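1. Okay, predicted coordinates and the sequence, questions at the end:
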Amino acid sequence: MMTQIPLLSLLIWSPIVGAVFTLMAGDKRQSTWARRISLLTVLINMALCIPLYLNFDQSSASMQFTEYLRWLPAFGIDYELGVDGISVALILLTTFTTFVALIATWHSIKTKVAQYSAAFLIMQGLLVGVFTSLNAILFYIFWEATLVPMFLIIGIWGSDNRVYAAIKFFLYTFLGSVLMLIAFIYLGMKAGTFSLLSFYTLPIGMTAQILIFVAFLLSFAIKVPMWPVHTWLPDAHTEAPAGGSIVLAAVLLKLGAYGFLRFSLPIAPDASHYLAWFMIALSLIAVIYIGFVAIVQTDMKKLIAYSSISHMGFVTLGFFVIYLIVKSGHVEQVGLAFEGAIFVMISHGFISGALFAAVGYLYERLHTRQIKDFGGIVNTMPLMASFVMLFVMGNAGLPGTSGFVGEFMVILGSAQANFWVAFAAGTTLMLGAAYNLWMYKRVFFGDIVNAQVALVRDIKGFEVFAFGLLGLMVLFFGLYPAPILNLVHTSAQHILTLGTMTKL
């Protein structure tokens, strides 16, 4: 679908241009102008998402709103953009999350506000670039560039151990991407172009597919993150400011999952099938083992970070259990697990972003994240306690919240292929209830054990608005998931077709 207005380019570059104006505003007059410009930029991008959603043809599996500009034709590298339903859903999530991150931390960032806001705007534009790139090298450029603003956000505005966490985050994710670039170069030389769509139809032998899959695996697994390459995430979350944790959990973790469904499955379908049990095993370890790790955490942020790893295990489980479902003969159930995994990606963005925002709010006022230092917050912050209860229930997978829908679909789809896989995945509902309710009871109920808790004020203004929006998303999509499922359905079915069609 061609458009006269380069809508995708506007969504990529307008926040980056807005970041330049935000930096030009500087920190004069208590950074009021920097905040206003950054907020206006995000609102403009949210407005641009309206025609993107309304004009997107949900019945078509082809790439839409395509843009093409010759860039380096001698190398087969072009500026090529396009979106399918999955890309649109993630773009909407990215724009919404940036908006929430800015207003949720409107009063909490006191120094270098212009630079802080600009970093988020730049990151938003780069993330949209990742989700819209149809050229492998362009994708790689946007993929790697997203590391820079998050590195700065953690390293400058983070907690005491922020430099260590920022460097660990950067090294893990940067080094893991080197093999992905090598795989892209191999595919580009074989196809004569770096166009992603040409990779889908490229015949590749089994040995080459396995090597390509492994190259993609290291990069995408670190980004998800999957066990055992997950250790950077708790440190990054713990040290990042609240806004950084919101975007990191809500969007950046989705890049790895997006890579699996956009590259690994359709480009190396036979290798994906061959290594399906290996991927399922890693996913179940993340769901179960990391769930137990979350239970013993004493730091609220680390507990939520480990819960994110456990929930993202559901995403990779849903992507690779499809091969077991096809083998079992229940072909009609394949889409259930696959689309459920995509739904978990979106839902996790709302829930984890809200929980990290809440912990950031408490840390800013009480200067501690240790669960033992809290207690009785419901007495002084009843509104905050109510919102967090909703998000905790969503994180535990309570029916009626968005956290239940996707995980239930993955479990139901897995049950068609292997009962024990579904049973192992289902343990997350018990583990999730255990660590979420244990944390909530210790932090919000009981007697006030910290004198500072009695002095802290409840949320108001921008904070109420931000938590209200997130709460609305959790409830709305928990009760009525059709908008997300309808948006991604046709595109998911197309990727499923490519992922289960042999190239041998």
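-> It's in. Numbering: from 1, shown residues only.

2. For the rest of this, base every contact and every neighbour count on C-alpha atoms.
-> OK.

3. residue boundaries of the strands in this protein?
-> In order along the chain, the chain carries the following strands (DSSP state E): 64-72, 77-83.

4. Pick the most buried one from those.
-> With neighbours taken as mean count of other C-alpha atoms under 10 Å, the strands of the chain reach their highest mean count in strand 77-83, at a mean of 22.

5. Summarise which helices and strands the longest helix seen in the chain is packed against.
-> Scanning the chain for the longest helix, with DSSP state H as the assignment, gives helix 334-366. Packing contacts for helix 334-366, counted by 3 or more C-alpha pairs under 8 Å, 6 or more residues apart in numbering; DSSP states H and E, involve helix 85-104, helix 242-247, helix 300-320, helix 322-328, helix 382-395, helix 402-415, helix 462-479, helix 482-499.

6. Compare those helices and report which one is nearest to Trp227.
-> Nearest of those to Trp227, taken as C-alpha to C-alpha: helix 300-320 at 8.1 Å.

7. so which of the helices and strands packed on helix 334-366 comes closest to Met226?
-> helix 300-320 (6.9 Å).

8. Kindly calculate the angle that that closest one makes with helix 482-499.
-> Counting by axes from the mean of the first three to the mean of the last three C-alpha atoms, to 10 degrees, helix 300-320 lies at 50 degrees to helix 482-499.

9. Next, the angle helix 334-366 makes with helix 300-320.
-> 170 degrees.

10. Could you check the angle helix 300-320 makes with helix 382-395?
-> Helix 300-320 and helix 382-395 are oriented at 30 degrees to each other (the same axes, to 10 degrees).

11. what angle separates helix 300-320 from helix 402-415?
-> Using the same axes, to 10 degrees: helix 300-320 against helix 402-415 is 40 degrees.

12. give me the low-pLDDT residue ranges for the stretch 201-350 of the chain?
-> 329-332 (pLDDT under 70).

13. Near the nearest residue to Gly26 once chain neighbours are set aside, how many other residues are there?
-> What sits nearest to Gly26 in space, not counting adjacent residues and going by C-alpha to C-alpha, 6 or more residues apart in numbering, is Ala114, at 5.5 Å. Neighbour count of Ala114, defined by other C-alpha atoms under 10 Å: 25.

14. repeat for Met63
-> Neighbours of Met63 using other C-alpha under 10 Å come to 20.

15. can you give me phi and psi for it?
-> When read as degrees, to the nearest 10, the backbone of Met63 gives phi -70, psi 140.

16. Check whether it really touches Ser87, as I assumed.
-> No: using C-alpha atoms under 8 Å as the test, Met63 is too far from Ser87 to be in contact (9.6 Å).

17. so who does Tyr363 touch?
-> Arg369 (C-alpha atoms under 8 Å, 6 or more residues apart in numbering).

18. Swap in 10 Å and give it another go.
-> Contacts here follow C-alpha atoms under 10 Å, 6 or more residues apart in numbering; on that basis Tyr363 touches Pro241, Ala242, Met300, Lys301, Ala357, Arg369, Gln370.

19. Just the pLDDT at it, thanks.
-> Looking at Tyr363, its pLDDT is 82.

20. Relative to Gln370, how far out is it?
-> According to C-alpha to C-alpha, to the nearest Å, Tyr363 and Gln370 sit 9 Å apart.

21. Now do the shared contacts for these two.
-> Met300, Lys301.

22. still on that earlier bit, Serialize the contacts of Tyr363 to TSV and add fields for distance to Ala191.
-> Shown next, in TSV, are the contacts of Tyr363 (distance: C-alpha to C-alpha, whole Å):
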residue	distance to Ala191
Pro241	43
Ala242	44
Met300	48
Lys301	45
Ala357	45
Arg369	51
Gln370	53
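
23. Give me the neighbour count for the nearest residue to Lys327 once chain neighbours are set aside.
-> Leaving aside its chain neighbours, Lys327 sits nearest to Ala417 (7.7 Å; criterion: C-alpha to C-alpha, 6+ apart). Counted with other C-alpha under 10 Å, the neighbours of Ala417 add up to 23.

24. quick one: Ala417 from Arg70, how far?
-> 46 Å.

25. what's the angle between the longest helix of the chain and helix 85-104?
-> Going by the same axes, to 10 degrees, helix 334-366 makes 10 degrees with helix 85-104.

26. where does helix 334-366 sit relative to the chain's centre, distance-wise?
-> The chain centre lies 8 Å from the centre of helix 334-366; the measure is C-alpha atoms, centre = their mean, to the nearest Å.

27. before we move on, back to that, quick one: the residue nearest to Gly26 and Thr32 touch, right?
-> Yes: using C-alpha atoms under 10 Å, Ala114 is in contact with Thr32, at 9.2 Å.

28. mind listing what the residue nearest to Gly26 touches?
-> 19-28, 31-35, 37-38.

29. Quick check: phi and psi on the residue nearest to Lys327?
-> Per degrees, to the nearest 10, the backbone of Ala417 is at phi -100, psi -50.

30. Offset the numbering so it begins at 598, please.
-> Yes, from this point I'll number from 598; that puts the last item at Ala1014.

31. Would you agree it is in contact with Ile919?
-> Yes: using C-alpha under 10 Å, Ala1014 makes contact with Ile919 at a distance of 8.4 Å.

32. one step back: out of the helices and strands packed on helix 931-963, which comes closest to Lys787?
-> Per C-alpha to C-alpha, nearest to Lys787 of the helices and strands packed on helix 931-963: helix 1079-1096, 19.0 Å.

33. Report the contact partners of Ile885.
-> By C-alpha under 10 Å, 6+ apart, the residues touching Ile885 are Ala891, Ser907, His908, Gly910, Ala1021, Ala1022, Gly1023, Thr1024, Thr1025, Leu1028, Gly1029.

34. With Leu1084 instead?
-> The contact partners of Leu1084, taken as C-alpha under 10 Å, 6+ apart, are Tyr650, Phe653, Asp654, Gln655, Ser656, Asp681, Gly682, Ile683, Ser684, Val685, Ala686.

35. so what's the first one closest to, chain neighbours aside?
-> Pointing back at Tyr650 there. Val685 is the one closest to Tyr650 (C-alpha to C-alpha, 6+ apart), at 7.1 Å.

36. Count residues in the vicinity of Lys709, would you?
-> Neighbour count of Lys709, defined by other C-alpha under 10 Å: 16.

37. distance of it from Phe767?
-> In terms of C-alpha to C-alpha, Lys709 sits 22 Å off from Phe767.

38. for Phe653, same thing?
-> For Phe653, the distance to Phe767 - C-alpha to C-alpha - is 35 Å.
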